[in-house]
Each structure stands twice: as C-alpha cells, then as structure tokens.
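1. coordinates only, sequence not included:
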C-alpha cells in the first residue's frame, strides 16, 4: 500500500460510520454502563470495587480463574470511561486520578489492576490522534461499557521490527500477523492493534481498532507467566482480517512529534507497581502483628515491638510514600503537557514519569521482599498466598527496564538531552 493510497482511504468522508457497528459482541450489556461524575466519585467507586475484588483475589490467582465477572463489574462501574473528555460525555478525570484508580485496584488484585492499562492507552491515542468521527464513535461505545484490549508487542525476533502488517487490495483492507503480551485482549470488545505499512520506501505504523469477534481473529489464553496470572496476556493472531478505514488511527506520526501518549502509558504502569507494593505492605502489617515472632536477641515478646522490624517497616513505608509523591508529581506533569503540548512540556512529563516509575518499581519490589523477610518462614506457606504480591510485582516491573529510565533521567539532567519518544519511557 502506498502512502497516497492509504491517505486517500483515511481521508474518505465517512457519512455512515454506524454501518460497521459490532452489536454482536459476546458479553454486550443489556444496559449502559454507569457514569462517573467527577474525580471524587471515581476514587470512591474504585475504593468500593477494591474491597469487592480483594475477597476472591487469592482463589483467582491460585486456581487461575479468569476474572470475567470482575472485569464486567469494573467496566460497568463507569471507571473505564471516566477519562473521556467531558465534551464527549465522560468525566474528564485528571491523570492523577486515573493513576490512583490503578494503584487502588492493583493493591487489591494486581491482575485486575493491570487489565485496563491498554484500554486507557487506546483512549489517549484516540484523544490525540483520532478524527472527530472516530472519537464520537469509539467514545460512545466505551461509555456504553465496551472495552479495549491490545495487540502491540511481538516476540520471537531479536529486533523490534513489527511484522504484523496492513495491506490494501481491490477487495478491501486487511491485517495479518501475530501478537503476544496482549493484556486485556481476552476480555475486550475491540483489540487496538499496531500494524506496519510500507510507505514511501519505509515502514510507518498505525493503530487499528479491530473487533475481537471479527472473522480471522484468534485469541489464545497462553500466558503462563508466574505472575499477573489472570490478566489474559496471551496471543492474538490475525489471519487476513478485514478492517474498515474508520478503525485506522495514525500512530507513528504522534511519536515523531511531541505527545503525551508515552508518558501517560508509563504513568499507569508505575501506578500498578506502586499499588501491588502497597498491597504487599498492607498484608505484611497484620501478619507481623498476629503471626510473626520477634528475633531471640530483640529482648521483646512481640514481633511488632522488635526494633529492627520497626526500622524496616519504617523504611518500606517511607519509600512507598515517596513513590506515591513522585507518581502524583508525574501525573501533574502529564496533565500540564496535555494542556500545553510541546517538546519541553512532553520531555518534562516523560522524565517525571520515568522518575516515578523507577521509584515505584524499587518500592514495590522492596515491599514484596520485606514482607517475607519480616514475616518469617511461615509466611511462605501456600495457604497464605502471600507470594502473589512478589510474583505480580516482579513480573509487572519487567515491562520496561528501569535501568534505561535512569539513563534518560541522567542524560536530561546533566546534558539537557530530551528523552526519546517511543512510548516505553
């Protein structure tokens, strides 16, 4: 497909966008999702959901029970549509509120907290890169309760070249390829898919919103990581799947120029790490109070009075609070860059998010490790299922290497070098 051909297709005046409505999705709802009024309402809703989700989190993780009911409850609450701008019917909540929602849910169940990350990523791509018709169409469907998954990453090759491609033929536009790490795709109504297109002797990329039930789409629940076990982060294959031009959104263009797509995505990953760490900390305190024994040299009768235990509890608490503060600061930088998007504001947001992600990673891991160090050997018994915090945070913190975040931060601070714009910082 040539650049001119694709541009002609995407610039076509679509007067009947509803002709491709996918009303036959499995799991479509008989009523519209609830609506979130504002930031305070969003936080209160997340708090209530977290209490519900925590009740069976152990059973879901231990027996690998996919959380269909919980995901439906989560999206029907209105939270998955809460970041949609007010002019399109959403609550337009701040980035800080979105991040806090992710942390709250992740503290209760790390898998459930992770599942909507790419949904919110896709909403940010639509906000920045979508046409007016695309925004009206997809925002309305999300407000009704529909969910986005993702098919972005590919494995099996040492390079980062995307082999899933889009082609135009006389009979239509088609997507062919295979993706992995497709978190949320199993539960999705739409699968935003990153595709490569050969244009003007070079590859460029687009994000194609593909109905999960489209002919030629195969979703395989083959994620067998030791953490984040019920996120549905498996494979999606596309076998000559026909797509419509109104489902295609320019992607690479919005990394060639400044945008908040990357820092917004990374902000949510940081919030997940922080939330899982907070969940581990919250589980550690009652265990030490009720089950642990003090060390024989401590001179005290309760583990809760052990001076070295108190020191380590204080250390973890401070680091989690510091990570929360950096996350809030980073969210403010993302909101500022949304209001005034330019090279400087996006770079500042990316660096602030990288700082938060680095500390959320180390604080989350510290909390999960310290849980066992202080709680003692009995905490490893399977009946307590406390290992899920370590497994979840260790798995999720591998998403993007923190070592490169420190590199970007240092280069920015020392040399004034703006960080790369590729979505992984």
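-> Thanks, I have the structure now. Computed from a prediction, not measured in an experiment: that's the story for all the values here.

2. So residue 178, which state does it fall into?
-> Using DSSP: H, G, I helix; E, B strand; the rest coil, the structure places residue 178 in strand.

3. mind listing what it touches?
-> With contact taken as C-beta atoms under 8 Å, 6 or more residues apart in numbering, residue 178 is in contact with 154, 163-164, 235-238. (Glycine included, C-beta is placed from N, CA and C.)

4. Do a quick rundown of the helices in the protein.
-> Ranges of helices in the chain, per DSSP state H, are 3-10, 39-54, 57-63, 68-76, 95-108, 110-114, 117-129, 132-143, 253-256, 261-290, 307-339, 343-375, 387-396, 402-415.

5. wait, which of those helices is closest to residue 224?
-> helix 387-396 (11.3 Å; C-beta to C-beta).

6. so what does that closest one touch, helix or strand wise?
-> In terms of contacts (3 or more C-beta pairs under 8 Å, 6 or more residues apart in numbering; DSSP states H and E), helix 387-396 is packed against helix 57-63, helix 110-114, helix 261-290, helix 343-375.

7. any idea which of the helices of the chain is most buried?
-> Greatest average neighbour count among the helices of the chain goes to helix 110-114 (a mean of 29), per mean count of other C-beta atoms under 10 Å.

8. what mean pLDDT does that one have?
-> Confidence for helix 110-114, expressed as mean pLDDT, is 98.

9. Please apply the same query to stretch 165-172.
-> On average, stretch 165-172 scores 93.

10. Please apply the same query to stretch 325-333.
-> pLDDT averaged over stretch 325-333 gives 98.

11. between the helices of the chain, which gets nearest to residue 296?
-> Comparing those under C-beta to C-beta, the one sitting nearest is helix 307-339, at 12.2 Å.

12. any idea of the pLDDT on residue 6?
-> 57.

13. got any ranges where the stretch 1-150 of the chain has weak pLDDT?
-> Residues of the stretch 1-150 of the chain that meet the criterion pLDDT under 70 lie in 1-31.

14. meant to ask about the stretch 251-400 of the chain
-> For the stretch 251-400 of the chain (pLDDT under 70), the answer is none.

15. rewinding a little: how about the helices and strands packed on helix 387-396 in TSV, adding distance to residue 147?
-> TSV is the format used below for the helices and strands packed on helix 387-396 (distance: least, C-beta to C-beta, whole Å):
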stretch	distance to residue 147
helix 57-63	18
helix 110-114	13
helix 261-290	15
helix 343-375	24
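
16. Quick one: closest of these to residue 172.
-> Comparing those against residue 172 with C-beta to C-beta, the closest turns out to be helix 261-290 (28.1 Å).

17. my guess is residue 46 meets residue 106, correct?
-> No. When contacts are counted by C-beta atoms under 8 Å, residue 46 is not listed as touching residue 106 (10.4 Å).

18. In strands, which of the contacts of residue 178 fall?
-> 235-238 (DSSP state E).

19. rewinding a little: which member of the contacts of residue 178 is positioned nearest residue 176?
-> Out of these, the member with the shortest distance to residue 176 (by C-beta to C-beta) is residue 238, at 5.7 Å.

20. Measure how buried the closest one is and give me the count.
-> Residue 238 is flanked by 25 other residues according to other C-beta atoms under 10 Å.

21. bridging residues for it?
-> residue 177, residue 217 (DSSP bridges).

22. Which pLDDT value does the model give it?
-> Note on residue 238: pLDDT of 98.

23. My read is that it contacts residue 194, right?
-> No. With contacts counted by C-beta under 8 Å, residue 238 stays clear of residue 194, the gap being 11.3 Å.

24. Pull up the overlap in contacts between the two.
-> Joint contacts of residue 238 and residue 194 (C-beta under 8 Å, 6+ apart) are 151, 164, 179.

25. Excluding sequence neighbours, find me the nearest residue to the second one.
-> Nearest residue to residue 164, sequence neighbours excluded (C-beta to C-beta, 6 or more residues apart in numbering): residue 177, at 2.5 Å.

26. Repeat that for the last one.
-> Using C-beta to C-beta, 6+ apart and skipping residues adjacent in sequence, the residue nearest residue 179 is residue 151, 3.8 Å away.

27. Quickly list what that neighbour is bridged to.
-> Residues in a beta bridge with residue 151, per DSSP bridges, are residue 193.

28. what's the spacing between it and residue 207?
-> Remark: distance between residue 151 and residue 207 (C-beta to C-beta, to the nearest Å) = 10 Å.

29. These two: who's more crowded?
-> The residue with more neighbours, out of residue 151 and residue 207, is residue 151; 32 against 26, by other C-beta under 10 Å.

30. got the end-to-end distance for stretch 102-115?
-> Distance across stretch 102-115, first residue to last, is 10 Å (C-alpha to C-alpha, to the nearest Å).

31. Tell me how far it lies from the chain's centre.
-> Computed by C-alpha atoms, centre = their mean, to the nearest Å, the chain-centroid distance of stretch 102-115 equals 10 Å.

32. Backbone torsions only: list them for the residue located most distally from the centre of the chain.
-> For the chain, the largest distance from the centre (C-alpha atoms, centre = their mean) belongs to residue 299, which lies 46.3 Å off. Per-residue torsions, residue 299: phi 80, psi 10 (degrees, to the nearest 10).

33. List the contacts of residue 286.
-> Contacts of residue 286 (C-beta under 8 Å, 6+ apart): none.

34. mind checking how far it is from residue 293?
-> Counting by C-beta to C-beta, the separation of residue 286 from residue 293 is 15 Å.

35. neighbours around residue 302, how many?
-> Look at residue 302: counted by other C-beta under 10 Å, it has 13 neighbours.

36. Tell me the spacing between it and residue 289.
-> 8 Å.

37. one step back: only the buried subset of the contacts of residue 178, as a PyMOL command please.
-> Buried residues among those (16 or more other C-beta atoms under 10 Å), as a PyMOL selection:
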select buried, resi 154+164+235+236+237+238
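
38. between the contacts of residue 178, which is closest to residue 424?
-> Nearest to residue 424 out of these is residue 154 (C-beta to C-beta; 14.3 Å).

39. isn't that closest one right up against residue 179?
-> Yes. Using C-beta under 8 Å, residue 154 is in contact with residue 179, at 5.8 Å.

40. shared neighbours, these two?
-> residue 164.
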